[in-house]
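> With the sequence up front, the predicted model follows.
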Number of protein chains: 2
Amino acid sequence: MSETSAAAAPSGQTPSEGGARRGAAYDSAFLRAARREPVPHTPVWFMRQAGRSLPEYLKVREGIPMLDSCMMPELVKEITLQPVRRHKVDAAIFFSDIVVPLKAVGIDVDIKPGIGPVIADPIRTVEDLQRLRPLEPDDMPYITEAVGMLVEELGATPLIGFAGAPFTLASYLVEGGPSKSHEKTKAMMYGQPELWAALVDRLADITAAFLKIQIEAGASAVQLFDSWVGALAPDDYRRSVMPASSKVFDAVAGYGVPRIHFGVGTGELLPLMSQAGADVVGVDWRVPLNVAAERVGPGKALQGNLDPAVLYAPTHVVETKAREVLHAAQSLGGSGHIFNLGHGVMPSMDPDALTRLVAFVHEATER
Amino acid sequence: MSETSAAAAPSGQTPSEGGARRGAAYDSAFLRAARREPVPHTPVWFMRQAGRSLPEYLKVREGIPMLDSCMMPELVKEITLQPVRRHKVDAAIFFSDIVVPLKAVGIDVDIKPGIGPVIADPIRTVEDLQRLRPLEPDDMPYITEAVGMLVEELGATPLIGFAGAPFTLASYLVEGGPSKSHEKTKAMMYGQPELWAALVDRLADITAAFLKIQIEAGASAVQLFDSWVGALAPDDYRRSVMPASSKVFDAVAGYGVPRIHFGVGTGELLPLMSQAGADVVGVDWRVPLNVAAERVGPGKALQGNLDPAVLYAPTHVVETKAREVLHAAQSLGGSGHIFNLGHGVMPSMDPDALTRLVAFVHEATER
């Protein structure tokens, strides 16, 4: 852990001998599970827990464009706290968007409702790369401020910082927006491997800087989201993506905060995503956790993996399916499991079903 | 093989002792590979080879709505033959759509350009099920006519019949159209398991009838497409989908024609999709063929699995990646491999790249 981060660390945080930060949240169930230590109960949080499923979110976001909201620290604090208050989840996830650091280095990007991130001038040539300058802490005072306020307010509840991974960011930049088939992205990856490598390397530096800013402001874990990487076969991941993702994980290794890695449809990639440097591997709902544990290998915690669509079923079904997840997680040996959905919360979900699920997992696993 | 099918079989088709039909295409590389017999070269065809990637297709379809075109035998014949003429692929795939049999039993369905199939009145209750009456051969004289003309014209080139699998059809019917998350479908599957089972059972009967019509008119293989089934975890597939898919495969087992099964994102489902009754398992590009072979188990052929996006790269990259697929297929022991993409041809693909790929695979594997 660097001097800078120690200086920036909020109330009570001091570096441990082993490099792990001992902030107020250090002994939380979430961080203990991430370190594979015994837990009082299986911790729970939900990807996209802060967002459109909550009426209180829709209210505070009214009339404020998505990317503007990410630069308003008080609003970010409120939105991040909403699901913690409502659901009693074991961790908060910092409310932001994966394209925020791209905007911070000057990329013309907007998030269009119903579409997603749209890039005005896609990145497709060596010259275009120049527009991806390094990200400096001064580029994002609003992130440092929001994280600092949150960590103070959250106390013993950990805050998870987050960033989009190089492949997923590259896909948005090359395609110019969301894509199902990633044609242009893969065309560059397969056809111009040097340009591709330079692109994801620059994105690795930006991503690492974004995570460092959050950690130094007090985030006690980070999750690297590689939303689209499940579109790749293992050999392509190994050759064209893993070096950049590893660079991100290596860059934040010294802080001693757990590093979570997640992507959708990544069954075949789990061994490599684990090797890339994750301490905790997020698993989508397609791979049973006991199978995932074998692929991920020893020494890692797992996060997941209830099918989000189960939340549309009656409560008794939700509980039966949640029990199946907990049962599969027992193969991990009683610890090292963070309960989550196998993908993000969907806007049309009933928030009460999520609240009930948190209580159910806590009760079912109380030790 | 039934008497009916023998009677309906075109020129030269007679049932073999083992039940396999010995039509003009019987000794084709495609059918030999499907039976895991030695082949003169690895056979190649492409999912969606007949369609929007071809200018000659766009020309003949001009002004004709998709579902109308599927009921015009001369047009179906022409469209099905176009990629055979152009690319010299080893098999034709019958040009139709998975919702054609639903329309034939009276479901109000339309295919909207840029969206996909849209169902006017979704199926969501026990009463709704009544609208899914059994499919009779007389419901589809245009299919029998088109297949018959095609088999005559194709001679030694096999025609693959096809149908959508019960889960995928159910998803369209329950959601009312295409869905990314299959929320309503899974809500029924999880929350009303008896209604769900009755729905997919009716769809299994309709699907089996659709395939029988094609086989009895002369198709020498069939592919059951379960496009969306990769959205399910293995346990859910086993409980809620496999019985219906198995029913389809069982219903056509007696004809002795190879039964191919394919879905996207099905890495975890390959063992079960194989057990469901496939003779040939289609593999998407995410799972290397040697890994797929282990999951599928002995006694099955494999079909696949070049990442379609590779076709946007320069020729030397396409050839390198195709060689990797052929190399992985060697673990099958030299036969039992049908080369294909790991998903369908995309409309924006250069048809010449596909033609070159067919020639490359043929040359690279000539024995």
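Everything's here; your move.
> Check the model's average confidence along stretch A:299-308 for me.
Stretch A:299-308 shows a mean pLDDT of 97.
> Return the set of buried residues in that stretch.
By neighbour count on 16 or more other Cβ atoms under 10 Å in any protein chain shown, the buried set for stretch A:299-308 is A:300, A:301, A:302, A:303, A:304, A:305, A:306, A:307, A:308. Every C-beta, even on glycine, is put in place using the N, C-alpha and C of the backbone.
> Could I get the contacting residues of the fifth one?
Meaning residue A:304. A:282, A:283, A:284, A:285, A:289, A:292, A:325, A:338, A:339, A:340, A:341, A:342 (Cβ atoms under 8 Å, 6 or more residues apart in numbering or on different chains).
> Give me the buried subset of those residues.
Neighbour-count burial (16+ other Cβ under 10 Å) is assigned, among the contacts of residue A:304, to A:282, A:283, A:284, A:285, A:289, A:292, A:325, A:338, A:339, A:340, A:341, A:342.
> By mean pLDDT, point me to the weakest helix or strand of chain A.
For chain A, the helix or strand with the lowest mean confidence is helix A:3-8, at a mean of 38 (criterion: mean pLDDT, DSSP states H and E).
> show me which of the buried ones among the contacts of residue A:304 neighbour chain B.
Among the buried ones among the contacts of residue A:304, the ones lying near chain B by Cβ under 8 Å from any Cβ of the partner chain are residue A:285.
> Show only the entries of the buried ones among the contacts of residue A:304 found in strands.
Under the assignment DSSP state E, the buried ones among the contacts of residue A:304 contribute A:282, A:338, A:339, A:340, A:341 to strands.
> what's the closest of those residues to residue A:106?
residue A:282 (30.5 Å; Cβ to Cβ).
> Quick check: bridge partners of the closest one?
residue A:303 (DSSP bridges).
> Which residues are in contact with it?
So residue A:282 contacts A:47, A:223, A:260, A:261, A:262, A:263, A:302, A:303, A:304, A:305, A:340 (Cβ under 8 Å, 6+ apart).
> change it to 6 Å
Residue A:282 sits next to A:260, A:262, A:303, A:304 when contact means Cβ atoms under 6 Å, 6 or more residues apart in numbering or on different chains.
> Residue A:285 too?
A:305, A:307, A:342, B:233.
> and the nearest residue to the second one once chain neighbours are set aside, what pLDDT?
Right, the one you point to is residue A:307. Spatial nearest neighbour of residue A:307, chain neighbours left out: residue A:285 (3.9 Å); criterion: Cβ to Cβ, 6 or more residues apart in numbering or on different chains. For residue A:285, the pLDDT comes out at 97.
> what's the answer for the one 5 residues further on, then?
Looking at residue A:290, its pLDDT is 94.
> count of residues packed around it?
Residue A:290 is flanked by 14 other residues according to other Cβ atoms under 10 Å in any protein chain shown.
> does the residue nearest the centre of chain A have beta-bridge partners, and which?
Nearest to the mean C-alpha position of chain A, counting by Cα atoms, centre = their mean, stands residue A:223 at 3.2 Å. Judged by DSSP bridges, the bridge partners of residue A:223 are residue A:162, residue A:260.
> got a list of what it touches?
A:160, A:162, A:260.
> Any part of stretch A:234-244 near chain B?
No - judged by Cβ under 6 Å from any Cβ of the partner chain, stretch A:234-244 and chain B are separated, with a smallest distance of 6.7 Å.
> Figure out how far that stretch is from the centre of its chain.
20 Å (Cα atoms, centre = their mean, to the nearest Å).
> before we move on, which element is the closest residue to residue A:27 other than its chain neighbours in?
Spatial nearest neighbour of residue A:27, chain neighbours left out: residue A:156 (7.6 Å); criterion: Cβ to Cβ, 6+ apart. Assessed by DSSP states H and E, residue A:156 sits outside every helix and strand.
> can you pull out the strands in the stretch 251-367 of chain A?
A:259-262, A:280-282, A:301-306, A:337-341 (DSSP state E, counting those that start in this stretch).
> repeat for the stretch 1-150 of chain A
Under DSSP E, counting those that start in this stretch, the stretch 1-150 of chain A gives strands at A:92-93, A:109-112, A:116-119.
> Would you mind pulling the contact partners of the helix or strand harbouring residue A:235?
Using DSSP H and E, residue A:235 sits within helix A:234-240. For helix A:234-240, contacts defined as Cβ under 6 Å, 6+ apart pick out A:189, A:268, A:269, A:272.
> Show the overlap between these and what lies near chain B.
Checking the contacts of helix A:234-240 against chain B by Cβ under 6 Å from any Cβ, the ones in range are residue A:268.
> Residue B:174: which of the contacts of residue A:285 is nearest?
Distances from residue B:174 to those, taken by Cβ to Cβ, are shortest for residue A:307, at 16.0 Å.
> I'd like to know how far that closest one sits from residue B:194.
Relative to residue B:194, residue A:307 is positioned 20 Å away (Cβ to Cβ, to the nearest Å).
> Quick check: residues of the stretch 51-200 of chain A near chain B?
The stretch 51-200 of chain A has residues A:183, A:186, A:187, A:190, A:191 near chain B, with proximity defined as Cβ under 6 Å from any Cβ.
> could you dump those to a markdown table with pLDDT, neighbour count and distance to residue B:314?
A markdown table is the format used below for these (pLDDT from 0 to 100; neighbours: other Cβ atoms under 10 Å in any protein chain shown; distance: Cβ to Cβ, whole Å):
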| residue | pLDDT | neighbour count | distance to residue B:314 |
| --- | --- | --- | --- |
| A:183 | 94 | 18 | 14 |
| A:186 | 96 | 25 | 13 |
| A:187 | 96 | 20 | 9 |
| A:190 | 96 | 22 | 8 |
| A:191 | 95 | 16 | 5 |
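> Let's see which of these end up in helices.
Filtering those for membership in helices, criterion DSSP state H, returns A:183, A:186, A:187, A:190, A:191.
> how close does residue A:332 get to chain B?
18 Å (Cβ to the nearest Cβ, to the nearest Å).
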